[in-house]
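**Student:** sequence-free structure coming up:
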C-alpha cells in the first residue's frame, strides 16, 4: 500500500492544476448570481412595458375614433361655421388631435423601450451563459479536489487541528471575496449603464439644437417643411431623454447609490395649430419654449454626469476592496496548502507532534 508521502507526490501535479482552476473562477458564482438578478429585473420591466403597451393600444383606438369625428366630419365643420363658432370647432378639433397624437407618441416610446429591453436581455443571457460555463468548470474542479483530499485525509484528523483552522480561514476568505466581487460587478455594470445614459442625453441636446435651427428657419418663413423638421427633432430629443431615464432606473436596481434624474419636459409642436395659427409671434413663443427645454436637458445632463462621477469613484473603491480580498484569499489558500504539505512531511517522517510556528514549508507553486 502506498504511503501518504507517495500519495502526496503522486497527487501534487493534479492538485496544482485544480487549485489553478479554482483561482481563475473565483468570481464566477457571485457574477452569475448578479447576472440572474439583472435578467429577472429586465423580465419585470418587460412585463410592465407589455401591460403599458396593451393599455395604450386601447387608448389609441378610442382617441383615433374621436379624432376622426372632427377631422372627417364636414357637417360638424359646416354647423359650427354657420353658427359663428368656427374657433370653438377648431379648439375641439385641436384637442382631439393633440390627445390622439399624444397617445401615438407614448405608444411609440413604449414600443421602442420594449425593443431596447429585449435587446439588452438577449445580450445579458449570453453573458449569463458564459458565467454558467465557468461555474460548471469550477464545480467540477472543486469536486475533483475534494475527492483528491478525501483520498489523502481519510477519516477524522483530530491530531491536526492546524489543518482544520487553516481550512476555516480559507472558507471565510472565500465568503469575503465573493461579497466584494459581487459589489464590484454591480458597480461596474451600473457605471456602464450610466455611461450609455449619458450618450443618450448628449444626443438629445444635439436634437434640440436641430430643433432650434428649424425653429429659426420657421420664423423666417420656412413653412411646413421647417415645422416638420422642428417636430421630428423634438420627438427624437424626447425619445433619447426617455431612454436615458429608463437606463438610470436600471442602474438604480443594480446599485442603490444611484439617484433619480431631475424631470425634463420637452416642448412639442402641434400639427393643427401650426397650420391654422402659424405666425411670427407664435413661432417666437415656441422658439423660447425649445430653449427652455434645452436648459432642462442641460440640467439633467449635469445631474447625470455627477452620478457617473460618483459611480466611477464607487467602482474604484470596489476594485481596491476586491483586490485586497483576492490577496487575502490567495494567502489563505497558500496557508492551507502549506499546512497540508507540512502535515504530509511530518507524517512521512513519522512525526505526528504539533508543528512549530513558522516552520512550515512553502507549498508547490501555483497560480
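**Tutor:** All right, it came through fine. Treat the numbers as computed from the prediction; the structure is a model and nothing was measured. Numbering: from 1, shown residues only.
**Student:** Quick check: which helices or strands does the helix ranked longest in the chain pack against?
**Tutor:** Ranked by residue count, the top helix of the chain under DSSP state H comes out as helix 280-348. Using 3 or more Cβ pairs under 8 Å, 6 or more residues apart in numbering; DSSP states H and E as the contact test, the elements touching helix 280-348 are helix 4-24, helix 86-152, helix 161-219, helix 223-254. All C-beta spots, glycine's among them, are computed from the backbone N, C-alpha and C.
**Student:** let's see it at 7 Å
**Tutor:** helix 4-24, helix 161-219, helix 223-254 (3 or more Cβ pairs under 7 Å, 6 or more residues apart in numbering; DSSP states H and E).
**Student:** Can you say which of those helices is nearest to residue 43?
**Tutor:** Residue 43 lies closest, by Cβ to Cβ, to one member of the helices and strands packed on helix 280-348: helix 223-254, at 11.9 Å.
**Student:** Quick check: buried residues in that closest one?
**Tutor:** Of the residues in helix 223-254, 226-231, 233-248, 250-254 count as buried by neighbour count, 16 or more other Cβ atoms under 10 Å.
**Student:** Which one, of the helices and strands packed on helix 280-348, ends up nearest to residue 152?
**Tutor:** The closest of the helices and strands packed on helix 280-348 to residue 152 is helix 4-24. By Cβ to Cβ, the value is 5.7 Å.
**Student:** What helices and strands are in contact with the next helix or strand after that closest one?
**Tutor:** Later in the chain than helix 4-24, the nearest helix or strand by DSSP states H and E is helix 28-71. The helices and strands touching helix 28-71, judged by 3+ Cβ pairs under 7 Å, 6+ apart, are helix 86-152, helix 161-219.
**Student:** switch the cut-off to 10 Å
**Tutor:** Helices and strands touching helix 28-71, by 3 or more Cβ pairs under 10 Å, 6 or more residues apart in numbering; DSSP states H and E, are helix 74-82, helix 86-152, helix 161-219, helix 223-254.
**Student:** CSV for the ones you listed, including distance to residue 303?
**Tutor:** CSV is the format used below for the helices and strands packed on helix 28-71 (distance: least, Cβ to Cβ, whole Å):
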stretch, distance to residue 303
helix 74-82, 47
helix 86-152, 21
helix 161-219, 10
helix 223-254, 9
